[in-house]
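Enquirer: sequence-free structure coming up:
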């Protein structure tokens, strides 16, 4: 669970699924970091170049950036501008992030 105090640090384990051998990184970020900021940290930690639209999934919610030309996409997401501590966490809950396209 992530504390809601902006001075706290969250230690996250980022794993790539369906890859052998397992590739993972441990990163520490302030709980006040925004989800776009967390996305940038993950990109840097993995050595990626930010080529894909992204979304974080936490439980049944999908957090991503709004797209001006895709109102149907925007209806399915929760605004990602919020901070990590503002996401509704539960003990043991994990999140996933994946490259996506705006139209399923």
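Expert: Arrived safely, thanks for sending. These figures come from a predicted structure and were not determined experimentally.

Enquirer: so how far is residue 25 from the residue lying closest to residue 34 once chain neighbours are set aside?
Expert: Using Cβ to Cβ, 6 or more residues apart in numbering and skipping the chain neighbours, the partner closest in space to residue 34 is residue 83 (5.6 Å). Every residue, glycine included, has its C-beta placed from N, CA and C. Note on residue 83: its distance to residue 25, by Cβ to Cβ, to the nearest Å, is 21 Å.

Enquirer: would you agree residue 56 falls within a strand?
Expert: Yes: read with DSSP: H, G, I helix; E, B strand; the rest coil, residue 56 is one of the residues of a strand.

Enquirer: tell me which element the closest residue to it other than its chain neighbours falls in.
Expert: Nearest residue to residue 56, sequence neighbours excluded (Cβ to Cβ, 6+ apart): residue 63, at 4.5 Å. Per DSSP states H and E: residue 63 is located in strand 61-64.
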